[in-house]
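>>> Provide a 3D model corresponding to the input given below.
(2 chains)
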Amino acid sequence: DTAVSQTPKYLVTQMGNDKSIKCEQNLGHDTMYWYKQDSKKFLKIMFSYNNKELIINETVPNRFSPKSPDKAHLNLHINSLELGDSAVYFCASSRPGGVADTQYFGPGTRLTVL
Amino acid sequence: EDQVTQSPEALRLQEGESSSLNCSYTVSGLRGLFWYRQDPGKGPEFLFTLYSAGEEKEKERLKATLTKKESFLHITAPKPEDSATYLCAVGNAGNNRKLIWGLGTSLAVNP
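Residues are numbered from 1 along each chain as shown, chains lettered A, B, ... in the order given. Next up is the predicted model:
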């Protein structure tokens, strides 16, 4: 009964390839996020969707394209992969309500670009 | 500019040796302060949310407190299984979803 799941867990690929990461949540949340965590462990927000609508779109190369087919799923497609894209990518979800909404994270996808 | 600074970067304790982790923040309207624990190779795991100065929350050996400028995560009589990176994040009242994250404190508890 995993709350936020991601596939794949590991992804090793060559520069220039295109790859996708998938995320699913079964918490009934309305909002989903993509984060990038670099080698220094800093969590950088990339995108967020609320009920399939893009609400956060940080300064990210346009090679990264999120897609939310429904509010339980958020995918991340990356074109023309570069060495600097190597990182751990986390999906998270939250349910807006109250003063602040808590984000719950998936297990991460470790992307290595060779 | 909204900012979160955590200290120390790394902390090594002996089992049973209590200590505190610090999270200093500047934000234009605090919507909430969040503490997470992250184990190697895993996603951040939610611990606490604090909303206003003076608020405290506890869970097992952990206690989080909040003032207008900082939050402390007190660890009482830690055990080796408390070893992890502890992350702090704040929500800005002007942006209902985006969190500003600190770099974390890496805690190691020796048996």
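>>> list the buried residues in the worst-scoring helix or strand of chain A on mean pLDDT.
Taking mean pLDDT, DSSP states H and E as the measure, chain A has strand A:53-57 as its least confident helix or strand, at a mean of 87. Of the residues in strand A:53-57, A:Ile56 count as buried by neighbour count, 16 or more other C-beta atoms under 10 Å in any protein chain shown. Heads up, the C-betas are built off the backbone N, CA and C, glycines and all.
>>> give me the element the closest residue to B:Phe34 other than its chain neighbours is part of.
Nearest residue to B:Phe34 in three dimensions, chain neighbours excluded: B:Ala89, at 4.6 Å (C-beta to C-beta, 6 or more residues apart in numbering or on different chains). For B:Ala89, the element it lies in under DSSP states H and E is strand B:84-92.
>>> against which helices or strands is the helix or strand following that strand packed?
Going down the chain from strand B:84-92, the next helix or strand is strand B:99-101, by DSSP H and E. Under the contact criterion of 3 or more C-beta pairs under 8 Å, 6 or more residues apart in numbering or on different chains; DSSP states H and E, strand B:99-101 touches strand A:43-50, strand B:3-7, strand B:84-92.
>>> can you lay out these as CSV showing distance to B:Lys63, mean neighbour count and mean pLDDT?
Listed next are these as CSV, based on distance: least, C-beta to C-beta, whole Å; neighbours: other C-beta atoms under 10 Å in any protein chain shown; pLDDT from 0 to 100:
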stretch, distance to B:Lys63, mean neighbour count, mean pLDDT
strand A:43-50, 24, 20, 92
strand B:3-7, 17, 16, 96
strand B:84-92, 13, 23, 94
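>>> the residue in chain B that chain A sits nearest to: how many residues sit nearby?
As assessed by C-beta to the nearest C-beta, chain A sits closest to B:Gly32 within chain B, at 2.9 Å. A count of neighbours around B:Gly32, defined by other C-beta atoms under 10 Å in any protein chain shown, yields 21.
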